[in-house]
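>>> What shape does this take:
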Amino acid sequence: MNKFLKIKERLETDGWWIGFADDMPNEVFEDPYPKGHPHAGKDVDFCKILWWDAEEVLIDPCLPDGLTEEEEKAWEESFEKEPIQYHPIEAVMTCWFSFNGDDKSVENLKAILPIIEEYECSWRWNESADQKINISWW
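Alright, predicted model coming up:
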(Lines give C-alpha, C1' and ligand atoms only; values in the text may rest on other atoms or scores of the structure.)
Protein backbone atom coordinates (compact mmCIF):
# COMPACT_ATOMS: atom_id res chain seq x y z
CA MET A 1 0.00 0.00 0.00
CA ASN A 2 1.51 3.35 -1.00
CA LYS A 3 1.81 6.31 1.36
CA PHE A 4 -1.24 8.07 -0.06
CA LEU A 5 -3.49 5.09 0.65
CA LYS A 6 -2.07 4.85 4.18
CA ILE A 7 -2.80 8.53 4.84
CA LYS A 8 -6.27 8.18 3.31
CA GLU A 9 -7.05 5.15 5.48
CA ARG A 10 -5.76 6.91 8.61
CA LEU A 11 -7.72 10.11 7.98
CA GLU A 12 -10.91 8.23 7.16
CA THR A 13 -10.83 6.70 10.64
CA ASP A 14 -10.99 10.31 11.91
CA GLY A 15 -14.07 11.09 9.83
CA TRP A 16 -12.43 12.53 6.71
CA TRP A 17 -13.83 11.88 3.23
CA ILE A 18 -11.05 11.76 0.61
CA GLY A 19 -11.74 11.00 -3.02
CA PHE A 20 -12.41 11.92 -6.62
CA ALA A 21 -14.42 15.12 -7.17
CA ASP A 22 -17.16 13.29 -9.10
CA ASP A 23 -17.78 11.01 -6.11
CA MET A 24 -17.75 13.82 -3.55
CA PRO A 25 -20.57 13.73 -1.00
CA ASN A 26 -23.23 16.36 -1.06
CA GLU A 27 -26.33 17.03 0.96
CA VAL A 28 -28.61 15.00 -1.32
CA PHE A 29 -26.86 11.67 -0.74
CA GLU A 30 -28.55 9.50 1.85
CA ASP A 31 -25.35 7.58 2.59
CA PRO A 32 -22.37 9.28 0.93
CA TYR A 33 -19.75 6.93 2.32
CA PRO A 34 -19.10 3.75 0.34
CA LYS A 35 -19.70 0.36 1.99
CA GLY A 36 -16.76 -0.56 4.16
CA HIS A 37 -15.83 3.06 4.90
CA PRO A 38 -15.31 3.57 8.65
CA HIS A 39 -18.12 6.17 8.68
CA ALA A 40 -20.64 4.44 6.40
CA GLY A 41 -24.14 5.28 7.60
CA LYS A 42 -23.02 8.46 9.39
CA ASP A 43 -23.46 12.09 8.43
CA VAL A 44 -20.67 13.76 6.50
CA ASP A 45 -18.66 16.51 8.15
CA PHE A 46 -18.29 18.84 5.17
CA CYS A 47 -15.35 20.50 6.94
CA LYS A 48 -13.41 17.22 6.63
CA ILE A 49 -13.43 16.64 2.88
CA LEU A 50 -10.47 16.56 0.49
CA TRP A 51 -11.01 15.91 -3.19
CA TRP A 52 -8.93 15.91 -6.35
CA ASP A 53 -10.06 16.98 -9.78
CA ALA A 54 -9.95 14.84 -12.91
CA GLU A 55 -7.35 17.13 -14.48
CA GLU A 56 -4.90 16.11 -11.79
CA VAL A 57 -4.83 12.49 -12.91
CA LEU A 58 -5.57 12.77 -16.63
CA ILE A 59 -3.38 10.58 -18.81
CA ASP A 60 -1.86 13.04 -21.25
CA PRO A 61 -1.24 11.28 -24.57
CA CYS A 62 1.98 12.70 -26.03
CA LEU A 63 2.16 13.02 -29.77
CA PRO A 64 5.03 10.88 -31.07
CA ASP A 65 7.85 12.67 -32.92
CA GLY A 66 8.47 12.26 -36.63
CA LEU A 67 4.89 11.73 -37.84
CA THR A 68 3.78 12.98 -41.22
CA GLU A 69 0.87 15.42 -41.27
CA GLU A 70 -1.48 12.59 -42.29
CA GLU A 71 -0.20 10.27 -39.53
CA GLU A 72 -0.52 13.05 -36.97
CA LYS A 73 -4.15 13.67 -37.96
CA ALA A 74 -4.95 9.93 -37.72
CA TRP A 75 -3.24 9.75 -34.32
CA GLU A 76 -5.27 12.70 -32.99
CA GLU A 77 -8.52 11.24 -34.36
CA SER A 78 -7.85 7.94 -32.61
CA PHE A 79 -7.89 9.74 -29.24
CA GLU A 80 -11.14 11.50 -30.09
CA LYS A 81 -12.79 8.06 -30.39
CA GLU A 82 -11.32 6.72 -27.13
CA PRO A 83 -12.82 7.61 -23.76
CA ILE A 84 -10.72 9.89 -21.59
CA GLN A 85 -8.44 7.83 -19.38
CA TYR A 86 -7.18 8.65 -15.91
CA HIS A 87 -4.36 7.33 -13.80
CA PRO A 88 -5.64 5.72 -10.61
CA ILE A 89 -4.77 8.08 -7.75
CA GLU A 90 -2.58 5.33 -6.31
CA ALA A 91 -0.31 5.60 -9.38
CA VAL A 92 0.10 9.37 -9.10
CA MET A 93 2.88 10.63 -6.83
CA THR A 94 1.57 14.13 -6.09
CA CYS A 95 -1.78 15.83 -6.36
CA TRP A 96 -3.55 19.12 -5.61
CA PHE A 97 -6.51 18.62 -3.29
CA SER A 98 -9.46 20.97 -2.90
CA PHE A 99 -11.34 21.49 0.33
CA ASN A 100 -14.28 23.47 1.65
CA GLY A 101 -12.90 26.99 2.13
CA ASP A 102 -14.53 27.94 5.40
CA ASP A 103 -12.60 28.66 8.62
CA LYS A 104 -13.38 25.27 10.20
CA SER A 105 -12.11 23.42 7.11
CA VAL A 106 -8.86 25.40 7.16
CA GLU A 107 -8.48 24.63 10.88
CA ASN A 108 -9.13 20.90 10.26
CA LEU A 109 -6.65 20.81 7.38
CA LYS A 110 -3.96 22.50 9.47
CA ALA A 111 -4.57 19.89 12.17
CA ILE A 112 -3.77 17.00 9.82
CA LEU A 113 -0.50 18.42 8.46
CA PRO A 114 1.50 16.54 11.13
CA ILE A 115 -0.25 13.31 10.09
CA ILE A 116 0.78 13.89 6.47
CA GLU A 117 4.37 14.39 7.63
CA GLU A 118 4.15 11.36 9.95
CA TYR A 119 3.63 9.21 6.84
CA GLU A 120 6.78 10.73 5.30
CA CYS A 121 4.85 12.78 2.77
CA SER A 122 5.29 16.44 1.98
CA TRP A 123 2.76 19.20 1.47
CA ARG A 124 2.69 22.65 -0.09
CA TRP A 125 0.00 25.08 0.94
CA ASN A 126 -0.18 28.68 2.15
CA GLU A 127 -2.42 27.56 5.03
CA SER A 128 -5.36 29.67 3.92
CA ALA A 129 -8.67 29.07 2.16
CA ASP A 130 -7.56 30.65 -1.10
CA GLN A 131 -5.25 27.82 -2.22
CA LYS A 132 -5.53 24.06 -2.74
CA ILE A 133 -3.10 21.85 -0.84
CA ASN A 134 -0.54 19.81 -2.75
CA ILE A 135 0.39 16.49 -1.15
CA SER A 136 3.32 14.44 -2.46
CA TRP A 137 3.89 10.83 -1.41
CA TRP A 138 6.96 9.82 -3.41
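
>>> For the protein, which element, helix or strand, carries the lowest mean pLDDT?
Ranked by mean pLDDT, DSSP states H and E, the weakest helix or strand in the chain is helix 69-81, scoring a mean of 67.

>>> right, and the helix or strand after that one?
Once helix 69-81 ends, the next helix or strand along the chain (criterion: DSSP states H and E) is strand 94-99.

>>> Could I get the full set of strands for the chain?
Secondary structure of the chain by DSSP state E: the strands cover 17-20, 49-52, 94-99, 122-124, 133-136.

>>> For this structure, give me the ranges with low pLDDT.
Along the chain, segments meeting pLDDT under 70 span 1, 22-35, 37-38, 53-67, 75-91.

>>> Name the single longest helix found in this protein.
If you go by DSSP state H, the chain has its longest helix at helix 103-118.

>>> in it, what counts as buried?
Ser105, Val106, Asn108, Leu109, Ile112, Ile116 (16 or more other CB atoms under 10 Å). Bear in mind the C-beta positions are built from the backbone N, C-alpha and C, glycine included.

>>> okay if I get these as CSV plus distance to Phe46?
Formatted as CSV, the buried residues of helix 103-118 follow (distance: CB to CB, whole Å):
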residue, distance to Phe46
Ser105, 8
Val106, 13
Asn108, 10
Leu109, 13
Ile112, 16
Ile116, 20
